[in-house]
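Okay, here's the prediction I keep looking at, along with the sequence it came from:
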Amino acid sequence: MHRSRLKAVTALLGVLALVGAACSKSSSSPGGETGTPAPTDQTVCASADLTAGDLLAKICESGLIRFATDPVYPPQSSLNPQTGEYEGFDIDTATEIAKRMGLEIEWATPDWTVLTAGGWNDRWDVSVGSMTITPERAEVLYFTQPYYFAPAGFAVHADNTTITSAADLAGQKVGVCGGCTYEDYLNGTLQIPDYTIDFAVAGAELVTYKTDKPAIDDLALGDCVRLCAAFSAVPTLQGAIDAGKAIKIVGPPLFYEPLAVAIDRSAPLDAASFVAALDEIVAQMHADGTLTAFSMATYGEDLTIQQGA
Amino acid sequence: MAAHIEIQGGAGETRPPEHPLDAGTRLSFRTKVVLVWTGIFALLGIFFWLAKFDIAWMNRTFKFIITGVWVTVVIAIVSIFFAVVLALLGSLGRLSKNAVAYGVSGFYTSFYRGTPLIVQIFLVYLALPQIGSSLQDRGLIGSTLARYFVLSAVLAGIIALSLNYGAYMTEIFRAGILSVGPDQTEAADALGMSYKQRMRRVVLPQAFKVIIPPTGNEFIAMIKDTALVSLIASSIFWYDIFKRATVAGNHDFKNLEALVVTAGIYWALTAIFTLFQTKLETRVSKGYVRQAGTPSRKPGAKRLEEQSRREDET
Amino acid sequence: MTAIDWKAVVKVEGLHKTFGDLEVLKGIDMEVHKGEVVVIFGRSGSGKSTLLRCINFLEDPTAGTIEVAGIRLQGGHRHRHKREQVRRVRMHAGMVFQDFPLFPHMTTIQNVMEGPITVKKMPEEQARPIARGLLDRVGLADKAEEYPIRLSGGQKQRVAIARALAMEPDVMLFDEPTSALDPELIHEVLAVMKALATDMHMTMMIVTHEMGFAREVANRLCFFHEGVILEEGTPVEVFDNTKFPETRKFLDAVL
């Protein structure tokens, strides 16, 4: 008797959890800064052809756009534990895109490797995640034009005096995020469309981590204790310094990577018009200075212009 | 991975018998243990202070992280429930004379005990949709059915955890069922009971008394394994303790402090559930452990009973 | 001695049972009639328990036919409805085991009610008074709400008898019912068994070493020797006019 009541309670809990899990997709969560709706411009969805039967029509009709972001990359994307809101340059950009499309946002935070591999199975619509355009990724994802260009560089421990340029990294232990473009750069295999890369680092001993953060932590332990240097996006390194990590950036950025908005190629419906619409919005945001404003606010400099060749 | 297969029938913890020479010291054993733990915690406190952990940050962020406890507990409870169902089926399969049941259950336990849990989680989350879309492409299923192959992160996590733990607990259940002697089976058969009746009325109720303690251990282990689900966690509503700690730590570059808070919360959860389990074990073994006052046949037993009661009181 | 009806409750024809290489039953033919008390005795390993266990198909005979209350079953073959038929046989034959395996998670009265309620689908309100009556009959009405762990061996065996009786069997099979009991507890169980014979006229097949009981209560004795029934007859015939030396040798050792 007692046992069957216990079973009933747990079964009920199970049903509740499953229902909750199934419904979790439809809960829209807090986003980044939202400005007032553009007073004069018409939103994209308002003027879209809803009968076209393609991805754009479906999304506009649902009134909801599902963004994927990885909130462990301040100041690009992070979750503020005090406010429970997502923050960062990527978040601001995505929020603005949604506003211009005339859609509500639903945030999702899948694993980064799941995103870059494509095959999203219609779980998410767009990734605004500071994703570098690479040929391999372009095979599984559509990219818009870049919305900004992230400088990449390296840092050493604050007490270090021996490493003053990229050439000094030869034979040293360099921490890097595994599977990131920085690893490819250090291996000399990175390819960026329309950009010639000068591989200034050769012969470094790579130590890979799941994300940049543990690499920075290991570097901060001490000069060449675990790592002699950490290679990452300069804003990330700067953010660590601002948070009190005992590291310092060495030299100018070694390359700039174009970062773009990505859409799954295996999306169930024809994505051409959707990608075009997003690309148009990014172009507009460049033209009317929105992106520059976001960049200044986040990084203190305008990263939306392509540097170098 | 927890493979708690030891069958415990006893009630709660035992402590080592008192050494006769200790009888003279003023402090009891329990007091001494409390002192040792206090010493350890004092050392930990000094370590914290030396390591310059940002205690203030830990305090500020604690509420955000602990909000994830309900997700952890819900996932664990739902998963252990389905794991028990699977373990029951699996154990009956392992004991079956039916070749299909035996073969399927054998494959199930071998695969899910032989592959890492994290791999299983990703398989359910990523491979299942591929199978669904592939079936759809070949026209074998429609698009609505294919959508069911695309599981949410939490659902995928629950399914993977249930399958994984069900496989390990199959052994627990099998041992539990076997622990019910063949004499009980024969007595049930002689009354004319069918297999189902025998299982439901005679074997399983007795098996449960053996199964419950190790199952409790599995649940406690599962509480910690739910952290792996955070690797595919997608919606902030379903962020568990570990995911919340990860994002909070990354936001403020306080990853180490975040991990310390996480460890503390899991430890507290484990301690609480271990307490429940000990109580459950005592309750469940009531019919099997001779309590004081039960008539015993051998005259010497009474003397032993009195002696052990005296020892408990000191 | 009880009045006997000439109606065979149990028929055993050509029963053979082999375990691996060892042939334990080498061709048994016997009949037990309604109201008869048959005591089976002999050395351990001679096949006595196996015979009983073949009758209710706890062991499947290697060859031969068993008939219980009109239900005929052959050993050796497995055909579709055999499991169902075996169950029916078992509902007509109650068994009392040497180690009195009561269900420890149920009280005494729940043990006794279990057969009727679960197997015969009897409602509890109906089964309870029957169970109470049976417990009273075996002298344990006051232990109805106790758990088996609190009972002595003799008490447990009496409850086991009540449990088997609750199914209203046509024959009761006793497999060395007192062999595991302390000497001072044997008497109470034998008393119950005797009452079963004299008051309820229950058909009984008893494997036992209690020869005094056999002489007093049995209608017929069967001496098992190396897998066959060597000698058979009334107590007077077997005890006082023993035909075979092996029987005599065994009786001398036991009495």
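Great, that's in hand.

what does the model give residue A:264 for pLDDT?
Each residue has a pLDDT score; the one for residue A:264 is 94.

Could I get the full set of strands for the stretch 151-300 of chain A?
Taking DSSP state E, counting those that start in this stretch, the strands of the stretch 151-300 of chain A run over residues A:173-177, A:205-209, A:229-233, A:247-264.

separation between the closest residue to residue B:179 other than its chain neighbours and residue B:165?
Distance criterion Cβ to Cβ, 6 or more residues apart in numbering or on different chains; nearest residue to residue B:179, sequence neighbours excluded, is residue B:210 at 4.8 Å. Placement of C-beta: from N, CA and C, glycine included. Per Cβ to Cβ, to the nearest Å, residue B:210 is found 18 Å from residue B:165.

Which one's more surrounded, these two?
Neighbours were counted for residue B:210 and for residue B:165 using other Cβ atoms under 10 Å in any protein chain shown; residue B:165 has more, 28 against 23.

Find the nearest non-adjacent residue to residue B:121, please.
In this structure, residue B:121 finds its nearest non-sequential neighbour in residue B:160, 4.3 Å apart by Cβ to Cβ, 6+ apart.

give me every residue that touches that neighbour.
Counting by Cβ atoms under 8 Å, 6 or more residues apart in numbering or on different chains, residue B:160 touches B:117, B:120, B:121, B:123, B:124, B:125, B:229.

tell me which of the residues you listed is nearest to chain A?
Nearest to chain A, judged by Cβ to the nearest Cβ, of the contacts of residue B:160 is residue B:125 at 8.0 Å.

Could you find the closest non-adjacent residue to the closest one?
Nearest to residue B:125 is residue B:156, by Cβ to Cβ, 6+ apart, at 4.0 Å.

Ok, residue B:85 next?
In space, and not counting its chain neighbours, residue B:85 is closest to residue B:166: 7.4 Å by Cβ to Cβ, 6+ apart.

near chain B, which residues of chain C show up?
Contact residues (Cβ under 8 Å from any Cβ of the partner chain) of chain C with chain B: C:56, C:58, C:87-88, C:90-91, C:93-95, C:97, C:99, C:101-105, C:114-115, C:118-119, C:147, C:149-150, C:152-153, C:160, C:163-164, C:167, C:182.

What of the stretch 51-200 of chain A?
A:71-74, A:78-82, A:84, A:87, A:107-111, A:114, A:119, A:121-123.

give me that answer again for 7 Å
Proximity of the stretch 51-200 of chain A to chain B (Cβ under 7 Å from any Cβ of the partner chain) is limited to residues A:71-72, A:74, A:78-82, A:107-111, A:114, A:119, A:121-123.

about what we covered before: assign the residue nearest to residue B:85 to helix, strand or coil.
Of the three states, residue B:166 takes helix according to DSSP: H, G, I helix; E, B strand; the rest coil.

so who does it touch?
Counting by Cβ atoms under 7 Å, 6 or more residues apart in numbering or on different chains, residue B:166 touches B:83, B:86, B:87, B:90.

The third one is in contact with residue B:170, isn't it?
Yes: under the contact definition of Cβ atoms under 7 Å, residue B:87 touches residue B:170, with a separation of 4.9 Å.

Going by distance to chain C, which of the contacts of residue B:166 wins?
Nearest member of the contacts of residue B:166 to chain C, counting by Cβ to the nearest Cβ, is residue B:87, at 20.2 Å.

So what pairs up with the closest residue to residue A:249 other than its chain neighbours in the strands?
With sequence-adjacent residues excluded and distances taken as Cβ to Cβ, 6+ apart, residue A:249 is closest to residue A:155, at 4.9 Å. Listed by DSSP bridges, the beta-bridge partners for residue A:155 are residue A:230, residue A:249.

Please spell out the ChimeraX selection for the buried subset of the contacts of residue B:160.
Applying 16 or more other Cβ atoms under 10 Å in any protein chain shown to those leaves a buried subset, and the ChimeraX line that selects it is:
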select /B:117,120,121,124,125,229
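
mind listing which of the contacts of residue B:160 are in helices?
The helices in this structure, assigned by DSSP state H, contain B:117, B:120, B:121 from the contacts of residue B:160.

Roughly how far does residue A:220 sit from residue B:99?
Applying Cβ to Cβ to residue A:220 and residue B:99 gives a distance of 60 Å.

In terms of neighbours, single out the busier of the two.
Higher neighbour count among residue A:220 and residue B:99: residue A:220, with 22 against 8, using other Cβ under 10 Å.

How much space separates the residue lying closest to the more buried one once chain neighbours are set aside from chain C?
The shortest distance from residue A:220 to any non-neighbouring residue, by Cβ to Cβ, 6+ apart, is to residue A:245 (4.6 Å). To chain C, residue A:245 is 62 Å away according to Cβ to the nearest Cβ, to the nearest Å.

Surely residue A:245 and residue A:216 touch.
Yes: using Cβ under 7 Å, residue A:245 is in contact with residue A:216, at 6.0 Å.

These two: who's more crowded?
Taking other Cβ under 10 Å, residue A:245 and residue A:216 do not tie; residue A:216 has more neighbours (26 against 20).

The residue nearest to that one when sequence neighbours are not counted: neighbouring residues, count only.
Excluding its sequence neighbours, the residue lying closest to residue A:216 (Cβ to Cβ, 6+ apart) is residue A:240, at 4.8 Å. Using other Cβ under 10 Å, residue A:240 is surrounded by 25 other residues.

if I pick residue A:240, what's in contact with it?
Contacts of residue A:240 (Cβ under 7 Å, 6+ apart): A:216, A:247, B:253.

Need the residue closest to the centroid of chain C.
residue C:173 (1.3 Å; Cα atoms, centre = their mean).

and which of the ones in helices among the contacts of residue B:160 is nearest residue A:285?
residue B:121 (37.5 Å; Cβ to Cβ).

What residues of the longest helix anywhere in chain B count as buried?
Taking DSSP H as the criterion, chain B has its longest helix at helix B:255-284. Under the neighbour-count criterion of 16+ other Cβ under 10 Å, helix B:255-284 has B:255, B:257-258, B:260-262, B:265-266, B:269, B:273, B:277, B:280-281, B:284 buried.
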